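[1] mind looking at a prediction? Sequence and model below.
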Amino acid sequence: MKLSRNFSLQELTKSETAIRKDIDNTPSEEVINNLTTLCNMVLQKVRDSHGAVTITSGYRSPELNKAIGGSTTSDHCKGLAADFEVAGLDNKELAKWIIDNLIFKQLILEFYEEGVPNSGWVHCSFEEGENNSQVLRAVKEGKKTVYLKGIE
């Protein structure tokens, strides 16, 4: 099932963890609608500007989200968020482009190391009526993940 010109439902629901642990990651109709909006408002626009986008995490059923240790309030569980990268593009540069060019709910530059372009990934969410453009950077402090304002 196509969600946008270049993104499929399979691409946004595939999970190696779900396959390994035999977890059903089938989204509801509401989640499919949210994924379609996310694809058209964020992912397709990134693709149109920068080329192929690699989705590293899209929709996660609550069971899958728990299995990977995700936040209980994660937008991934509602089909509102995806983690992704663009080959050959520094993840910080990708985050800056999204900030400057797109409407979004939340953007997190996750576990990026300055000077290591392929480090980390970009998390971006979109939700109709809730797009306040929150920008954060996720870093590890010891074993804990800390969220800092901005991407610098």
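    The structure has been received and is ready for your questions. Numbering: from 1, shown residues only.

[2] who does the helix or strand where residue 136 lies pair with, and is each partner parallel or antiparallel?
    Secondary-structure assignment from DSSP states H and E places residue 136 in strand 134-141. Using DSSP bridges, the strands paired with strand 134-141 are strand 106-110 (parallel), strand 144-149 (antiparallel).

[3] deepest in the core, which of the ones you listed is it.
    strand 106-110 (a mean of 23; mean count of other C-beta atoms under 10 Å). No exception for glycine: its C-beta is placed from N, CA and C like everyone else's.

[4] next helix or strand past it?
    Following the chain from strand 106-110 toward its C-terminal end, the next helix or strand by DSSP H and E is strand 121-125.

[5] picking that back up, I'd like the strands paired with strand 134-141 laid out as TSV, including distance to residue 129 and mean pLDDT.
    Converted to TSV, the strands paired with strand 134-141 look like this (distance: least, C-beta to C-beta, whole Å; pLDDT from 0 to 100):
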stretch	distance to residue 129	mean pLDDT
strand 106-110	14	98
strand 144-149	23	95
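
[6] out of those strands, which comes closest to residue 59?
    Between residue 59 and the strands paired with strand 134-141, the shortest gap by C-beta to C-beta is with strand 106-110, which sits at 16.1 Å.

[7] torsion angles phi and psi at residue 100?
    When read as degrees, to the nearest 10, the backbone of residue 100 gives phi -80, psi -20.

[8] can you give me the neighbour number for it?
    Other residues near residue 100 come to 7 when the count uses other C-beta atoms under 10 Å.

[9] and if you look at residue 92?
    Summarising burial for residue 92: neighbours were counted as other C-beta under 10 Å, giving 21.

[10] wait, what's in contact with it?
    With contacts defined as C-beta atoms under 8 Å, 6 or more residues apart in numbering, the neighbours of residue 92 are 109, 112, 114, 117, 151.
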